[in-house]
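**Student:** I would like to see how this sequence folds:
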Amino acid sequence: QVQLVESGGGLVQAGGSLKLSCTASGLTFSMYGMGWFRQAPGKEREFVSAISWRGGGSTYYADSVKGRFTISRDSAKNTVYLQMNSLKPEDTAVYYCAALHNSRWSAPRSSEYDYWGQGTQVTVSS
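**Tutor:** The predicted model follows:
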């Protein structure tokens, strides 16, 4: 059974930082690219960032987070991270991690991922 478990969310003031973690189990982590998505109240889920399955993998960012967020992965720990700096109130959302098999890694910005975590709340106060 595949599980993706996010952690690290919380309440932070604008300008602050948080680091999200997502640990995967039940899958061969090295064969999956990983993504982060978020969904704010009343809005559709949107792409935030992704990293390919390769060591030193290619990374992708939404324009809204480029230069502020950094995605990374640790294959020894089956974990993907999202370091979020210079947070803004508009970053407030539930953040989800997701896994996409490398055979379908043509559109990492889409939401057609194979597995999803349960989400972690990030709230940025002004």
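**Student:** mind listing what's buried along stretch 12-24?
**Tutor:** 12, 18, 20, 21, 22, 23, 24 (16 or more other CB atoms under 10 Å). Any C-beta I mention is one placed from the backbone N, CA and C, and that applies to glycine too.
**Student:** swap in stretch 36-43?
**Tutor:** Within stretch 36-43, the residues that count as buried by 16+ other CB under 10 Å are 36, 37, 38.
**Student:** same question, stretch 95-109
**Tutor:** In stretch 95-109, counting by 16+ other CB under 10 Å, buried: 95, 96, 97, 98, 99, 100, 105, 108.
**Student:** try stretch 68-80
**Tutor:** So for stretch 68-80, counting by 16+ other CB under 10 Å, buried means 69, 70, 71, 73, 78, 79, 80.
**Student:** list just the nearest of these to residue 29.
**Tutor:** Comparing the buried residues of stretch 68-80 against residue 29 with CB to CB picks out residue 78 as the nearest, at 4.3 Å.
**Student:** look up how far residue 61 lies from that closest one.
**Tutor:** 22 Å (CB to CB, to the nearest Å).
**Student:** farthest-separated two in the buried residues of stretch 95-109?
**Tutor:** Farthest pair in the buried residues of stretch 95-109 (CB to CB) is 95 and 105. Separation: 20.9 Å.
**Student:** in its sheet, what does the helix or strand where residue 33 lies sit against?
**Tutor:** According to DSSP states H and E, residue 33 maps onto strand 32-39. Note on strand 32-39: by DSSP bridges, its sheet partners are strand 46-51 (antiparallel), strand 93-101 (antiparallel).
**Student:** now those strands in a markdown table, with mean pLDDT?
**Tutor:** Below are the strands paired with strand 32-39 laid out as a markdown table (pLDDT from 0 to 100):
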| stretch | mean pLDDT |
| --- | --- |
| strand 46-51 | 97 |
| strand 93-101 | 97 |
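**Student:** and those strands as a markdown table, adding distance to residue 57?
**Tutor:** Compiled in a markdown table, the strands paired with strand 32-39 are given as follows (distance: least, CB to CB, whole Å):
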| stretch | distance to residue 57 |
| --- | --- |
| strand 46-51 | 5 |
| strand 93-101 | 12 |
